[in-house]
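K.L.:
got a predicted structure plus its sequence, pasted below:
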Amino acid sequence: MSDAKELLQKIATLRLRLDQAQGLVRDANTTATALTAQSGDAVAALEQKVQRGGWHNTLLDSALRSGEGGDKPVLPSRLTLRGARLVKRARDLLQELKAVADDPILPKAQDQPLAELHRTTASMIDSVLRTVQGFPPSSSAQFRLSEGLEAVLDVVEERLAVLKAGMRQRSQETGRIDRLADALRRIVAGQHVSVKSLEQIAEEVRDEARQGLPLRFLPMPTDDPARAAAAHGLTVAQVLARLIDGDPDWQGRDLEGLVAALVHDAGMVRLPAELITQAGPLTEEQRRLVERHPLAGAQALVKLWPGGSWAIDAAADHHERLDGAGYPKGKRDLHLGDEVKLLAVCDVYAALASARPWRAAYEPRTALTDTLLLADRGALDAKQAQRLLRLAFYPAGTVVELDDGAVALVLAPQSGESQPARPVVTVLREAFGQAPAVPRYVDLAAQPQRSIVRGLAPHERRQVLGRLYPELV
């Protein structure tokens, strides 16, 4: 039997197995619908998996099936060994993509960068398989076509690696939010929580800051107040970790500060979920609920630190302002500790630079400027607010446009706080739109003739970074 016939037989066997698997899933789905309402979540998850798997199976089937009459094979009658290897490689890559689609970490919305990368990569494989379908019988022609299609599959493998790395990043991030959210729920419920478990999360945040990883402003989840408080706490901790790293005043106390940042909004757990997504003005009753959440968090944290801790003060006072305009007690400057003042600065900056259900995230430069303006007006501590200049106007990971039209990725701010607008960048796209011939790094502090014009909007970042670093978009 020729190689082509053997391959067709293997493909037919694969299709039969896929059909059988789908039949089993349909049977399982039929049985599941007869169960009690307690199985609703499992049924929904199974239906979602069937939909995702069915799309991949259809893609594979349509690319490899015979003609409508059933007598015209999808592959040429004489397929070279290289062509057969090409088909097998494409099929294996498609199955890898199917496994990725079954992972709940993959975003459901098709406009998300990871989902878009997954969809377009699968389409590339489909194009390869359909091209093989039209291979001419000539061995030399198949050789030339296979060479080009192998290059396409090389790109597919690179994109698949980026996709998997992005999903690992998202899985780690989501898992960290879930761990902290669970701890916050237990704290507010009066259950036992080990400070050591919180310090483990703090160590992860500190290590990422020391490695120079990008500062990620986490959007606020809308499904659960505990997860919303956890996401914000993690963002504040990321900011604080970069401000106190190497500071002798914080030597040996950095984990204590980061734990305080992680749990400072614990009182949000008690808020109704609808307050998280409400875009309009609050009613008087809702405002009172919001203004009570700092004290609720502080009271819950007393059980975690019976002997007292400034983390309790941070939870109670992070919404107080030096001019007495804050809440819940309207405390003024002299009644607030330096640590609480610093945490309040990080809290404001992190909130402004993160997306909220009712507004888009502020550009980091705008968030920093607005925070400094609050300090200038006497609401925040000016000395602590000045620490934000260590992050620079554009933190690491920000995509910016230079004054000559080039697009660059910020790698690191300048050491010190004297030149926050002149970080070190790497050029991603030259002024006329082409990619640089070789990697090029620009120290804007050493090139005063060049400067940053603006940070790119999300849709612009997607165009530049979507295929390389989807989680930075």
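P.N.:
Thanks, I have it.

K.L.:
would you list every one of the strands in the protein?
P.N.:
Per DSSP state E, the chain carries strands over the ranges 399-402, 407-412, 424-429, 441-443, 452-455.

K.L.:
how about those strands in TSV, adding mean pLDDT, mean neighbour count and distance to V345?
P.N.:
In short, each C-beta sits where N, CA and C put it, glycine included. As requested, the strands of the chain are exported to TSV (pLDDT from 0 to 100; neighbours: other Cβ atoms under 10 Å; distance: least, Cβ to Cβ, whole Å):
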stretch	mean pLDDT	mean neighbour count	distance to V345
strand 399-402	92	22	24
strand 407-412	90	20	21
strand 424-429	90	18	25
strand 441-443	90	14	28
strand 452-455	91	16	21
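
K.L.:
of those, which approaches R85 most closely?
P.N.:
strand 424-429 (34.9 Å; Cβ to Cβ).

K.L.:
about what we covered before: Y362: which of the strands of the chain is closest?
P.N.:
Closest among the strands of the chain, using Cβ to Cβ: strand 452-455, at 10.1 Å.

K.L.:
what strands line up against that closest one, and which way round?
P.N.:
Sheet pairing here is set by DSSP bridges, and for strand 452-455 it gives strand 399-402 (antiparallel).

K.L.:
show residues contacting the strand it pairs with.
P.N.:
With contact meaning Cβ atoms under 8 Å, 6 or more residues apart in numbering, strand 399-402 is reached by 394, 407-410, 425, 427-428, 442, 450-456, 460-461, 464-465, 472.

K.L.:
switch to 6 Å and redo it
P.N.:
394, 407-409, 450, 452-456, 461 (Cβ atoms under 6 Å, 6 or more residues apart in numbering).

K.L.:
then stretch 236-253?
P.N.:
205-206, 209, 215, 254, 258, 261-262, 346-347, 350, 387, 390-391.

K.L.:
stretch 259-269 too?
P.N.:
184, 187-188, 198-199, 202, 225-226, 229, 232-233, 236-237, 240, 293-294, 296-297, 300, 311, 314-315, 318.

K.L.:
narrow the residues you listed to those that are buried.
P.N.:
184, 187-188, 198-199, 202, 225-226, 229, 232-233, 236-237, 240, 293-294, 296-297, 300, 311, 314-315, 318 (16 or more other Cβ atoms under 10 Å).

K.L.:
which residue, other than its chain neighbours, is closest to L262?
P.N.:
G233 (4.5 Å; Cβ to Cβ, 6 or more residues apart in numbering).

K.L.:
ditto for A226
P.N.:
In this structure, A226 finds its nearest non-sequential neighbour in A181, 4.1 Å apart by Cβ to Cβ, 6+ apart.

K.L.:
list the contacts of that neighbour.
P.N.:
Contacts of A181 by Cβ under 6 Å, 6+ apart are 226-227, 230.

K.L.:
nearest to A115, out of the residues you listed: which one, please.
P.N.:
For these, the nearest to A115 is R227 (20.8 Å; Cβ to Cβ).

K.L.:
wait, that closest one touches M220, no?
P.N.:
No - counting by Cβ atoms under 6 Å, R227 stays clear of M220, with 8.5 Å between them.

K.L.:
where is the longest helix in this structure?
P.N.:
helix 139-188 (DSSP state H).

K.L.:
what stretches of this structure score poorly on pLDDT?
P.N.:
Across the chain, the ranges flagged by pLDDT under 70 are 1-77, 416-417.

K.L.:
domains in it, by residue range?
P.N.:
With domains defined by automatic domain parsing, the chain comprises 3-171, 194-388, 399-472.

K.L.:
of the ones you listed, flag the one that's most buried.
P.N.:
Among these, the stretch with the highest mean neighbour count (mean count of other Cβ atoms under 10 Å) is domain 194-388, at a mean of 19.

K.L.:
would you pull up how far that one lies from the middle of the chain?
P.N.:
20 Å (Cα atoms, centre = their mean, to the nearest Å).

K.L.:
could you work out the end-to-end span of it for me?
P.N.:
31 Å (Cα to Cα, to the nearest Å).

K.L.:
go ahead and confirm L86 touches G148.
P.N.:
No - L86 lies out of contact with G148 (Cβ under 6 Å); the separation is 10.3 Å.

K.L.:
about what we covered before: among the contacts of A181, which lie within helices?
P.N.:
226-227, 230.

K.L.:
sorry, back to before: okay, the contacts of stretch 236-253 in JSON lines with distance to D323 next?
P.N.:
Output for the contacts of stretch 236-253, formatted as JSON lines (distance: Cβ to Cβ, whole Å):
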{"residue": "V205", "distance to D323": "31"}
{"residue": "R206", "distance to D323": "32"}
{"residue": "A209", "distance to D323": "31"}
{"residue": "L215", "distance to D323": "29"}
{"residue": "D254", "distance to D323": "29"}
{"residue": "L258", "distance to D323": "28"}
{"residue": "A261", "distance to D323": "23"}
{"residue": "L262", "distance to D323": "28"}
{"residue": "C346", "distance to D323": "19"}
{"residue": "D347", "distance to D323": "17"}
{"residue": "A350", "distance to D323": "21"}
{"residue": "R387", "distance to D323": "20"}
{"residue": "R390", "distance to D323": "25"}
{"residue": "L391", "distance to D323": "25"}
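
K.L.:
which of those residues lies closest to D338?
P.N.:
For the contacts of stretch 236-253, the nearest to D338 is R387 (11.1 Å; Cβ to Cβ).

K.L.:
can you pull the contacts of that closest one?
P.N.:
Per Cβ under 6 Å, 6+ apart, neighbours of R387: L243.
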